[in-house]
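[1] sequence plus predicted model, see below.
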Amino acid sequence: MNIILSDNLEERFELLPLTFTRPCGDLRCGILTIEDKWKKISDENVSLLGEEYLRKKFKPVFSNDNFCVESTILPDKDFFLEVSKLEKGTGLSFNGSLIAARLNDEDSLKFFSDRKSLSISTKECKNISKITYTWDIFTLNEQEIEKDFFLITSGRKSAELSPTNRYLEKERIFVEEGAKAEFSIINPAGGYVYLGKDSEIMENAVIHGSLALCEGSVVKISAKIYGATTMGPHTKCGGEVNNSVIWGYSNKGHDGFLGNAVLGQWCNLGADTNNSNLKNNYAEVKVWNYAKHRFVKTGLQFCGLIMGDHSKSSINTMFNTGTVVGVSSNVFGSGFPRNFVPSFAWGGADSAYETYPLKKALETASIMMKRRHIELDEIETEILTHIFEETQNLRKNF
């Protein structure tokens, strides 16, 4: 099977700013990205089909026989079996919309760009799980940690935790090779705790509920982590974190609260950065929506910070409930910044936002990436340059 996880252009806009820098299939929810989930479940070739400017980095692989699937779907074995049974020229639908089809290479591109033009017979799916909005990433994180936990650990034996730790529900904790923890408290509280390869929980840290600590990630001294939370790979996290997803190479290294939040890759929160995840009047939270160009209701009482890749905050930054920050922004100053910060913005509550010059933003990204022995290459530079140009109109209003 050649499986192609294809973006839906409308849904991709709903998931900005997180999908400025990646196809939807590269979103991480639970322990794994969506692409990794498909690879684990199917044991087949899987690639991503996103916007054209992303295809040098995320290269789609076409054949004369492709199984094209909506990239925001969180797969399980039952759904994979439904996809695998498709005959050539047939598909699956959900609520009347085509979500999977077996197609040749030409029609596979139509599945991405003009899905409604495909005239194929479909079978209706009764139930699927998918990421439709940015906040779904943390609201669905509990179920996805559990699914991924069994997907990764089935038939395997966990490494042992050091006897200096105190823990409950040992059968709900899995420790990969090279992971270490000393003098910590780990209570899955009915969830699941996964400690990835070479990850670390430092002394006096307390874990309560589900945690996916991905490869090379660190929970720092005396941190308080509430489930369901995902970190990594290669992140550092301190302070207090609740039901948040922090992607690879991002840091929340110091005290401060982060709750009901999603941080993209290569982000950094300065010391004592906090986000509010509950309004003072307990009202439903609204967030900025790129597709509609306005604030929309989330249906949630708890919703914190959504931050795109390469964005930063200074020390003592205070993010209000339901704040959305774009790609490569630098937020600083006293008081609460606006609850929508466009990409490549520079400033905060006590000053007007200016454009963060592309050259300086690229220099910052390069320096941060070199600290992890990764080069800001030509492909990544082209992606960030495209985003800078695409988002110019949003910055004009600030």
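    Perfect, thanks for sending it.
[2] what strands flank the one helix or strand residue 241 maps to, and is each parallel or antiparallel?
    Secondary structure from DSSP states H and E places residue 241 in strand 240-242. According to DSSP bridges, strand 240-242 has the following sheet partners: strand 224-226 (parallel), strand 257-259 (parallel).
[3] quick one: those as a markdown table, columns for mean pLDDT, distance to residue 243 and mean neighbour count too.
    For every residue, glycine as well, the C-beta is placed using N, CA and C. As requested, the strands paired with strand 240-242 are exported to a markdown table (pLDDT from 0 to 100; distance: least, Cβ to Cβ, whole Å; neighbours: other Cβ atoms under 10 Å):
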| stretch | mean pLDDT | distance to residue 243 | mean neighbour count |
| --- | --- | --- | --- |
| strand 224-226 | 97 | 7 | 21 |
| strand 257-259 | 98 | 6 | 22 |
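[4] tabulate those (JSON lines), appending distance to residue 42.
    Output for these, formatted as JSON lines (distance: least, Cβ to Cβ, whole Å):
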{"stretch": "strand 224-226", "distance to residue 42": "32"}
{"stretch": "strand 257-259", "distance to residue 42": "34"}
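[5] out of these, the one nearest residue 141 is which?
    strand 224-226 (11.7 Å; Cβ to Cβ).
[6] ok, residues contacting the closest one?
    With Cβ atoms under 8 Å, 6 or more residues apart in numbering as the test, strand 224-226 has contacts from 205-209, 211, 219, 237, 239-243.
[7] count of neighbours near residue 295?
    Look at residue 295: counted by other Cβ atoms under 10 Å, it has 15 neighbours.
[8] repeat for residue 299
    Residue 299: 11 neighbours (other Cβ under 10 Å).
[9] let's verify it: helix, strand, or coil?
    Secondary structure state of residue 299, per DSSP: H, G, I helix; E, B strand; the rest coil, is coil.
[10] contact partners of the helix or strand just after the strand holding residue 241?
    Following strand 240-242 in sequence order, the next helix or strand is strand 245-247 (DSSP H and E). Contact with strand 245-247 is made by 28-29, 137-138, 141, 229-232, 235, 237, 252, 258, 261-265, 267, as judged by Cβ under 8 Å, 6+ apart.
[11] go through those and flag which are in strands.
    229-232, 237, 252, 258, 262-263 (DSSP state E).
[12] would you list these in CSV and tack on distance to residue 77?
    Shown next, in CSV, are the ones in strands among the contacts of strand 245-247 (distance: Cβ to Cβ, whole Å):
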residue, distance to residue 77
229, 25
230, 22
231, 26
232, 25
237, 32
252, 34
258, 33
262, 26
263, 30
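[13] flag the least confident of those residues.
    Across the ones in strands among the contacts of strand 245-247, the bottom pLDDT score, 94, is held by residue 232.
[14] burial count for it?
    23.
[15] roughly how far does residue 149 sit from residue 228?
    Between residue 149 and residue 228 the distance, using Cβ to Cβ, to the nearest Å, works out to 11 Å.
[16] same thing with residue 200?
    Separation of residue 200 from residue 228 (Cβ to Cβ) stands at 20 Å.
[17] cool, thanks, talk later.
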